[in-house]
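> model the structure of this input:
(chains A and B)
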Amino acid sequence: MKTRRIYLYTRFERFWHWMQALLIIGLGITGFEVHGTYTWLGFQTAHMWHVRFGWALVALIVFAAFWHFTTGQWKNYIPTFERVGVMVRYYTQGIFRNEPHPYKKSELSKLNPLQRLTYLGFKLLIAPILVTTGLLLIYYNRWPEWGLTWSLGTVSAVHLAGAFLILLFFIVHVYMTTTGHTVFSNIKAMLVGYEEVPEEAVAAAD
Amino acid sequence: MTTDKSRALLVGLLVGVLAVALGLGYGVRAGHAAASRTDAAAVVARPAAEDEETSTADHTKFEELQREFANATEVTQACLECHTEAAKQVMSSTHWTWEFASPTESGETWGKRHVINNFCVAVTSNWPRCTSCHVGYGWKDDTFFDTATEAQVDCLVCHDTTGTYKKFPAGAGHPAYEPKEFPPGSGKIWEPPDLTTIAQNVGRPGNKNCGACHFYGGGGDAVKHGDLDSTLAAPPKEVDVHLSPEGAGLVCADCHKTEGHQVPGSRYAATAKDTHGKDLPVSDDNPTTCESCHGLAPMKNPKLNDHVDKVACQTCHIPAFARGDKPTKMWWDWSKAGDKNRGDHGVEKDENGWVVYHYKKGEFVWEKNVVPTYLWFNGKTTYMVMGEKIDPNGEVYINHPQGGPDDPNARIYPFKVFRGKQGYDPVNQTLLVPHLFPFNKEDTTAYWKGFDWGTAFEVGMKTAGLPYSGQYDWIETTMYWPITHMVAPAEQALSCNACHQPNGRLAEVPGVYIPGQSGHPTLDAIGWSLSGLALLGVVVHAGLRVVNRKRA
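Numbering: from 1, shown residues only, chains lettered A, B, ... in the order given. Okay, here's the model as predicted:
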């Protein structure tokens, strides 16, 4: 199959993605220890790093939000339900028959409808829940001052639920990277910025 | 500037910002908390020699004290010539009345005269022995308060600075006036103190003054409280950071800031959560709380300060009690008393030399470095008074701390739980007052003379004016002692991990969510199941892909 290289991910985007990945993995490892799932670093150390990673992620999110709006990249996340069925059919059937991917990536539109929905859910639902509850947990003793009467257990349960959603996302997301043109082509693209895509795919997108 | 260069600059800047965020995650909060923080070191210790240096009176120069005193009441009369109001003040204090109006809705009158416990059980009918710790002279029967005069106030037990004034253990508050043996047959002679020298060397109470009674509660060193024993007269810093000469060098009265002889800080009316903070220079509430000196957010790490709404300072800062030289009594079984053939003439010691059996008192269990029991506590406690009904089929609590997770005044607080077995009346369903110590030389009804429980309970209850069916049995009882002394240096406080782990120290405390310990079992089950399914799903999906690719 003839392929051609397209520049999908800018330097900032790649930096943002991998930094976010590291922080989320770090938050997961330390977070589940804070939760008491296992003992490795000890609660005190795990908690300390969990809070630091959390603040770092907040800082990263601020920069990323700025980037999304100044570069217009936010448009990649406009949701569409069009052809979602086609996507689902591909991943549940077509992929086993070596059918070509129904979505043709391009510089202008690099996320398929399923990615759009998932990432938007991640950005608008899961991340805000985790960041909000995380900040609340950090500022626990100021709740009365802010007029909040929630219980620590409830807020931490919401935080934990968010964490499990991220874990689910993580499992599926990592696996889906292997469903590209080759097993590692998606990961490679996120590392170097360029992705090898089938020649006709580009043509189709044009 | 080229686009590439400016991008590189932007990325560099971003990395820098993230690094700062990582390093100073706490910074934002630390700054916020700093305004309300006090370093413990800022609470300056008082130099030990202050009394001598700052007192405006030298008692050795007082004419009234240049004389021999036939007995201690004469010393008190001399004191009162100048300190005209002192006796009145003392006589209105708990130290004198041994009465305390309950702060609970019960409306009961507590204090040693009325409550019952599972140590020596009750004062009534045992006066001369028990009242050797009364701040007075001559309380040997229940007529004392009808006839007591100001001269019967004991100034010296609190104000002696020579360390030589000692109340005779069975003298109804008096010191020995001639050499006397106690315990009888022990060969230990109590010499009469030199009252003139002592009277000329009075001063502010030191740790040993308070300790003369409070270190020895329950009939011996360290027996009762668990956080008070003779080690605290001059403890190493690790045992008590406040009282240690190498620590803050404080004395008891620095926190139990006494005004007009009224000593604050009774466990009958504790402050479990001080919301006023520092009491310096003028106290606005109970001055004995930690917050009175350390403020409301005393820790450098703001996350630690997040605990103060639910967790008492003592919970983390007193990692164990009985950390001094002495073990504290944890169990006392009166029902086993009376066997003079056990051990060495009725006294048995364990390998540490601790008395674990005494024919007069029964069986004991002692422990050192005891991990406290943690309970919600709002400062109020129920207490059992003599004659109060018990439920012999349930747990019998001599006292019980009040408060729960939803009580805004309650915090998780450490306690010594003391259990024992004592006499009760199965017909009237009341704990029994035993007559232990003889009224006089002829009295054989006392248990420690006649060794007959039936008679001892009969006389004890009769003296207390309470009904007794004539039947007695033994029952287990429980008592709670709040742990608040023996504060360890900060570096020896409990670490986060002590509680924030699956079987942490507070695992038994209800109604509080402790990250790392409490968990969310249902949510965990759902979360891990879904994650497992997702993992299984991708593995199966990948397997199918591989199989189909090979086929193709």
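> ok, B:Gly187 touching B:Glu181?
Yes. Counting by CB atoms under 8 Å, B:Gly187 does reach B:Glu181; the two are 6.8 Å apart. Any C-beta I mention is one placed from the backbone N, CA and C, and that applies to glycine too.
> of those two, who's got more company?
B:Glu181 (12 against 7; other CB atoms under 10 Å in any protein chain shown).
> closest approach to chain A from the stretch 201-350 of chain B, which residue is it?
Going by CB to the nearest CB, chain A is nearest to B:Asp306 of the stretch 201-350 of chain B, at 4.4 Å.
> and for that residue, nearest residue in space, chain neighbours not counted?
Nearest residue to B:Asp306, sequence neighbours excluded (CB to CB, 6 or more residues apart in numbering or on different chains): A:Asn141, at 4.4 Å.
> for B:Met479, same thing?
With sequence-adjacent residues excluded and distances taken as CB to CB, 6+ apart, B:Met479 is closest to B:Ile398, at 4.1 Å.
> quick check: that neighbour vs B:Thr109, distance?
16 Å (CB to CB, to the nearest Å).
> A:Leu191 too?
80 Å.
> cool, B:Asn393 as well?
In terms of CB to CB, B:Asn393 sits 28 Å off from B:Thr109.
> neighbour count winner among the two?
Neighbours were tallied for B:Asn393 and for B:Thr109 using other CB under 10 Å; the higher tally belongs to B:Thr109 (14 against 7).
> ok, the more buried one - contacts?
Counting by CB atoms under 8 Å, 6 or more residues apart in numbering or on different chains, B:Thr109 touches B:99-102, B:385.
> B:Tyr165 now?
Taking CB under 8 Å, 6+ apart as the criterion, B:Tyr165 is in contact with B:156-157, B:175, B:193, B:198.
> which one of those is nearest B:Glu367?
B:Val157 (29.7 Å; CB to CB).
> that closest one: which element?
helix B:156-159 (DSSP states H and E).
> which strands and helices sit next to that helix?
helix B:195-200, helix B:207-214 (3 or more CB pairs under 8 Å, 6 or more residues apart in numbering or on different chains; DSSP states H and E).
> need the CA coordinates for that helix. PDB is fine.
Extracted C-alpha coordinates of helix B:156-159, given in PDB (Å, rounded to 0.1, in the frame of the first residue of the first chain):
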ATOM      1  CA  LEU B 156       2.000  23.300 102.100                       C
ATOM      2  CA  VAL B 157       1.200  20.300 100.000                       C
ATOM      3  CA  CYS B 158       0.900  22.700  97.000                       C
ATOM      4  CA  HIS B 159       3.400  25.400  98.000                       C
END
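> need the contact partners of that helix.
Contacts of helix B:156-159 (CB under 8 Å, 6+ apart): B:72, B:75, B:135, B:165, B:167, B:195, B:198-199, B:202-205, B:209-210, B:212-213.
> ranges for the helices of chain A?
A:11-35, A:43-71, A:84-92, A:113-121, A:127-138, A:143-146, A:152-176, A:185-192, A:199-205 (DSSP state H).
> one step back: in TSV, list the helices and strands packed on helix B:156-159 along with distance to B:Asp274.
Formatted as TSV, the helices and strands packed on helix B:156-159 follow (distance: least, CB to CB, whole Å):
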stretch	distance to B:Asp274
helix B:195-200	37
helix B:207-214	22
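> so which of those helices comes closest to A:Trp49?
helix B:207-214 (44.0 Å).
> need the strands for the stretch 451-552 of chain B, in chain order.
B:473-482 (DSSP state E, counting those that start in this stretch).
> kindly report the residues of it close to chain A.
For the stretch 451-552 of chain B, the contact set with chain A under CB under 8 Å from any CB of the partner chain comprises B:495-497, B:500-502, B:512-513, B:515-520, B:523-524, B:526-528, B:530-531, B:534-535, B:537-538, B:541-542, B:544-545, B:548-549, B:552.
> which among those residues count as buried?
For these, a neighbour count by 16 or more other CB atoms under 10 Å in any protein chain shown gives the buried set as B:496-497, B:500-501, B:512-513, B:515-520, B:523-524, B:527, B:534, B:538, B:541, B:545.
> let's see which of the residues you listed end up in helices.
Reading helices off these with DSSP H, I get B:523-524, B:527, B:534, B:538, B:541, B:545.
> if I pick the residue nearest to B:Met479, what's in contact with it?
Taking CB under 8 Å, 6+ apart, we find B:Ile398 in contact with B:115-118, B:383-384, B:477-479.
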